[in-house]
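> sequence below, structure please.
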Amino acid sequence: MKIMKRVPMILLLGILLAGCAGIPVRSAVKPDMSVPVGNIDGSHFMGVRYPFKVSAPPNWTVTTEYPKFMADLGFEEEGLKESQLFIFNPATQSNLQIDFTPAGRYSRFNQRTIEWITTAAAGSFKEELEKEFGKGAQAVISPTEPCSLKGVPYAAKGVATYYRKEMKIEHGWVYAFAEPYQIFIIYMVLEREGTDDHQDIKTILDSFEVVPKQ
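Got it, this is the predicted structure:
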């Protein structure tokens, strides 16, 4: 199911519509691609190219290279290459990815806009699910909710639950903004007996923090 690239594209389109006229609200941002994405110390990550840090439970893997199994789960490789960090449980293949994207010079953000775009992404998700599995494909999509992330003024979260080959999957996306970056966090929980990856994902999100550069 090739949804993972479509969701960010929908969000980016919304931002272009939200603020593409008037005077610039920020200078153009050009990340220094010559520096590493960040430093990994066990289950802890500290960004260098982008100002964020995050930690994972000890049984999860933190890496800047996407695991190959994510393509088999329906993630487009081109979309995966745009993300800077991947956190996954090797035993269950539950996973989370983080992508920082500089905002346009004219784009303006507030909580209402963030929530509207996050809700729009749910429509894209449902369309892609039906393309892959047919019109009878069912997904329970929860209402968009505000999301609290450390150091982030605006954030919202969407969640869809569906079944694939008799396995229950929770697919979530967080869209956020912290000057001057749009932040995309996409996760997938594959429910397997004897695991509690939902709590682990919550632990990861609770640890996420945007930290001002010194």
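
> from the centroid of this structure, which residue is nearest?
I185 (1.6 Å; C-alpha atoms, centre = their mean).

> what's opposite that residue in the beta bridge?
Residues in a beta bridge with I185, per DSSP bridges, are I98, V174.

> wait, doesn't it sit right on L205?
Yes - I185 is in contact with L205 according to C-beta atoms under 8 Å; the separation is 7.2 Å. Backbone N, C-alpha and C define where each C-beta goes, glycine included.

> any common contacting residues for those two?
Shared contacts of I185 and L205 (C-beta atoms under 8 Å, 6 or more residues apart in numbering): V174.

> ranges for the strands of this structure?
Taking DSSP state E as the criterion, the chain contains strands spanning 38-41, 44-47, 52-55, 61-63, 85-88, 95-102, 139-141, 145-146, 154-164, 167-178, 181-190, 209-210.

> any chance of the ones you listed in a markdown table, with mean pLDDT and distance to S27 too?
What follows is the strands of the chain, written out as a markdown table (pLDDT from 0 to 100; distance: least, C-beta to C-beta, whole Å):
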| stretch | mean pLDDT | distance to S27 |
| --- | --- | --- |
| strand 38-41 | 98 | 23 |
| strand 44-47 | 98 | 20 |
| strand 52-55 | 98 | 20 |
| strand 61-63 | 98 | 31 |
| strand 85-88 | 98 | 25 |
| strand 95-102 | 96 | 10 |
| strand 139-141 | 87 | 37 |
| strand 145-146 | 96 | 29 |
| strand 154-164 | 92 | 20 |
| strand 167-178 | 93 | 16 |
| strand 181-190 | 95 | 13 |
| strand 209-210 | 98 | 18 |
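
> P24: neighbour count?
10 (other C-beta atoms under 10 Å).

> same deal with T63?
12.

> ok, F125 next?
Close neighbours of F125, defined as other C-beta under 10 Å, add up to 23.

> same thing with Q138?
When neighbours are counted by other C-beta under 10 Å, Q138 comes out with 11.

> same question for F75.
So F75, with other C-beta under 10 Å, has 23 neighbours.

> could you do the one 10 residues further on as well?
Neighbouring residues of L85 were enumerated by other C-beta under 10 Å; the total is 23.

> OK, contacts around it?
Listed by C-beta under 8 Å, 6+ apart, the contact set of L85 reads 37-38, 45, 54, 62-64, 97-98.
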